[in-house]
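Asks: Could you look at this predicted model? Sequence included:
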Amino acid sequence: MKATIERATLLKCLSHVQSVVERRNTIPILSNVLIEASPSGSVRLMATDLDLQVVETMGAVSVDAPGAITVSAHLLFDIARKLPDGSQVSFEAAENRMTVKAGRSRFSLPTLPRDDFPVIVEGDLPTSFEIPARTLAERRLAWAVLAEPIEAEADAIRLDFRQSVAAEIEARIRAARTRQLLPELDARAAAPAIVGAVLEGLIGPLAPEPADAAAARQAVQETTLLALRALGVVDARARGLVAQVPLG
């Protein structure tokens, strides 16, 4: 493989790709970035931690010999950062080494074969979506997928607790139905819905942090009223059903 790239373009792409690479890695190939030079004149960079895969494609000044190789992502990024602005960076791989040249600078980096590099996804992805940058900048982030498995013991305790709360709410709904304080509804279906609304709304990953005790009480009141409103109870009657008692 032999290709030449503008330093500014290389640095921009490398700064993005290398962010997924851990500084200390027990699997050597995961410390590397995959560099692929194509005959069409583009160069693709790829890095992964086996959970995420980051890919950047950039235009090259020239591709004299197409090919693919992997080198240390952080080492190559550090080299690119220290090269002078406006310089052109050339890569040439041969015999388990890759030579990096820019002006009078010359570096020889160890390489690993392209075939050792794990690729999570190849080809076009069928689904795309956009997320506002301000959402990712928030202190709290709701994860769609857990990177680590949930501990079975902790999950069992969590489920038992929620089932106990749901059973208590179901009993109160049935009592309220007997006194005709609630409209006709399925108590077994309504109770888990309230548990989900209250627990996730107050202590879930997207729950707001109250400023003080008064704000916390107001959050409990509003969340509970919202759950009751979903059951068909108007606010005037619902407010009489909401009571807050400190638990010791």
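Replies: That came through, no problem.

Asks: The chain: strands as residue ranges?
Replies: 2-6, 32-37, 42-48, 53-59, 62-65, 67-72, 88-94, 97-102, 105-112 (DSSP state E).

Asks: From the contact counts, what lies against the last one?
Replies: Meaning strand 105-112. In terms of contacts (3 or more CB pairs under 8 Å, 6 or more residues apart in numbering; DSSP states H and E), strand 105-112 is packed against strand 67-72, helix 73-82, strand 97-102. C-betas here are computed from N, CA, C, even on glycine.

Asks: Now do the residue sitting furthest away from the middle of the chain against Val195, distance only.
Replies: Within the chain, the residue lying farthest from the chain centre (CA atoms, centre = their mean) is Arg179, at 47.9 Å. Arg179 sits at a distance of 22 Å from Val195 (criterion: CB to CB, to the nearest Å).

Asks: Same list (the strands of the chain) but as a markdown table, adding distance to Ala215, mean neighbour count and mean pLDDT.
Replies: Listed next are those as a markdown table, based on distance: least, CB to CB, whole Å; neighbours: other CB atoms under 10 Å; pLDDT from 0 to 100:
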| stretch | distance to Ala215 | mean neighbour count | mean pLDDT |
| --- | --- | --- | --- |
| strand 2-6 | 53 | 20 | 93 |
| strand 32-37 | 47 | 25 | 94 |
| strand 42-48 | 43 | 21 | 93 |
| strand 53-59 | 40 | 15 | 91 |
| strand 62-65 | 60 | 14 | 92 |
| strand 67-72 | 50 | 21 | 94 |
| strand 88-94 | 55 | 19 | 93 |
| strand 97-102 | 56 | 18 | 94 |
| strand 105-112 | 55 | 14 | 93 |
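
Asks: Those: which one's closest to Ile173?
Replies: Evaluated with CB to CB, the strands of the chain place strand 53-59 nearest to Ile173, the distance being 47.7 Å.

Asks: May I have that closest one exported as CSV, CA atoms only?
Replies: Provided in CSV are the C-alpha atoms of strand 53-59 (Å, rounded to 0.1, in the frame of the first residue of the first chain):
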residue,chain,number,x,y,z
GLN,A,53,-17.1,0.7,15.0
VAL,A,54,-16.0,4.1,13.6
VAL,A,55,-15.4,4.5,9.9
GLU,A,56,-14.1,7.6,8.1
THR,A,57,-13.5,7.9,4.3
MET,A,58,-11.3,10.7,2.9
GLY,A,59,-10.0,11.8,-0.4
